[in-house]
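[1] predicted model and sequence below, questions to follow.
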Amino acid sequence: MQAEEQAGAVSSDQATEENTQASNAPATTDAEADVLTRESVSQMLEDERKKWQSRFDKVLAEKTAEENKTLTIEQRIQQMEQERKSERLDWTRKEARAVAQIDSELEAAVMAYASGDAEKIASGATALRAIIDGKISDYKTKIDELEKQVKYTGKPPAGGGDLGGRALTLSEFDKLTAKERAAFMSGGGTLKD
């Protein structure tokens, strides 16, 4: 029993000594702890994000490699043909856009309207309506200006560019750009053999 009392006294002495040491340790303020936490938290989050992103990329690469292994030759050929078709359509779309001189705003509106998403269809339709209304307004303004010119001068407005009113051979006409051809024809130009 005396041994138990001595062991209890020793343990209470140790606990008192540990409490004294803990109270004598230099105290860190809450502000210092917050600064350390704020600095390290962003670094820790970035490290975790990189770790999980690399794991995700690795799993995605393994999945893609496994899918490519399981594709039959016919499936792979079909996949490649679809990729080529998509590339050809993109190229054709870009080329046609350049020739038709379609601006990116109109193209974006048309593509949104043609998409499979209901919200994009609605926003595309709204954008198309705004573009069309803007063009109508521009044309009305131009027509009003031309009507005023005819009213005040008594002469019809001059035709388009320097090609208007002339006669060209078919070979000369073929050498013109699309814009020049349109100006030539709208200006009353004629073709001869």
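    Yep, that arrived.
[2] need the CA coordinates for stretch 140-153. CSV is fine.
    Taking Å, rounded to 0.1, in the frame of the first residue of the first chain, the C-alpha atoms of stretch 140-153 are listed here in CSV:
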residue,chain,number,x,y,z
LYS,A,140,-33.2,51.5,-93.9
THR,A,141,-30.7,54.3,-93.1
LYS,A,142,-28.9,53.8,-96.4
ILE,A,143,-32.1,53.7,-98.3
ASP,A,144,-33.3,56.9,-96.7
GLU,A,145,-30.0,58.6,-97.6
LEU,A,146,-30.2,57.4,-101.2
GLU,A,147,-33.9,58.6,-101.5
LYS,A,148,-32.8,62.0,-100.1
GLN,A,149,-30.0,62.2,-102.7
VAL,A,150,-32.4,61.4,-105.5
LYS,A,151,-35.0,63.8,-104.2
TYR,A,152,-32.6,66.8,-103.9
THR,A,153,-30.3,66.2,-106.9
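[3] quick one, phi/psi of residue 102?
    Per-residue torsions, residue 102: phi -90, psi 130 (degrees, to the nearest 10).
[4] so it versus residue 191, what's the distance?
    Here the criterion is C-beta to C-beta, to the nearest Å. By it, residue 102 lies 28 Å from residue 191. The way it works is simple: take the backbone N, C-alpha and C, and place the C-beta from them, glycine included.
[5] show me where this protein has strands.
    Under the criterion DSSP state E, the chain contains strands at 167-169, 190-192.
[6] which other residues reach the first one?
    Around strand 167-169, the neighbours that count as contacts under C-beta atoms under 8 Å, 6 or more residues apart in numbering are 176, 184, 189-193.
[7] the helices in this protein, which residues?
    2-24, 30-70, 73-100, 104-113, 118-153, 170-175, 178-186 (DSSP state H).
[8] re the thing from before, which one of the strands of the chain lies nearest to residue 122?
    strand 190-192 (46.5 Å; C-beta to C-beta).
[9] what is the closest one packed up against?
    Identification of packing neighbours for strand 190-192 by 3 or more C-beta pairs under 8 Å, 6 or more residues apart in numbering; DSSP states H and E yields strand 167-169, helix 170-175.
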